[in-house]
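Return a 3D structure for these sequence lines:
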Amino acid sequence: MSKKKKEIRQKTDTMVFTLKNWTFFGIGLLSIIVGYVSLAKGSITLAPILLVLGYAVFIPIGIILKK
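Numbers count the residues shown, from 1 in each chain. Presented below is the predicted three-dimensional model:
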């Protein structure tokens, strides 16, 4: 493989997370934690909403979002 192809492949294989990505991960993780705590306290409305937001919205946005 030529040097140029290696450079192109190396650039496309790396995945760089920015502060925005980590912020969405953090919000998702916080939402999941608060959802489980709320679930343990007996909430049947707030807990599922927070868990779905964490798992299905914030975490995927943190992965998909590009700079």
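
ok, residues contacting the longest helix anywhere in the chain?
Criterion DSSP state H: the longest helix present in the chain is helix 19-40. Defining contact as Cβ atoms under 8 Å, 6 or more residues apart in numbering, one finds that helix 19-40 is touched by 46-51, 53-55, 57-59, 61-63, 65, 67. Using the backbone N, CA and C atoms, a C-beta is placed for each residue, glycine as well.

which is the next helix or strand following it?
helix 46-52 (DSSP states H and E).

Can you name the residues that contact the residue positioned nearest the centre of the chain?
Geometric centre of the chain, nearest residue: residue 59, 2.5 Å, by Cα atoms, centre = their mean. By Cβ under 8 Å, 6+ apart, the contact list for residue 59 reads 24-25, 28-29.

what does residue 17 give?
Contacts of residue 17 (Cβ under 8 Å, 6+ apart): residue 62.

What pLDDT does the model give it?
Among the per-residue scores, residue 17 holds a pLDDT of 89.

where does it land in three-state SS?
Three-state assignment for residue 17 (DSSP: H, G, I helix; E, B strand; the rest coil): coil.

Show the backbone phi and psi for it.
Backbone geometry at residue 17, expressed as degrees, to the nearest 10, gives phi -100, psi 130.

What degree of burial does the nearest residue to residue 58 once chain neighbours are set aside show, as a neighbour count?
Excluding the flanking residues, the one nearest residue 58 by Cβ to Cβ, 6 or more residues apart in numbering is residue 28, at 3.2 Å. When neighbours are defined as other Cβ atoms under 10 Å, residue 28 has 21 of them.

what do you get for residue 56?
With other Cβ under 10 Å as criterion, residue 56 counts 11.
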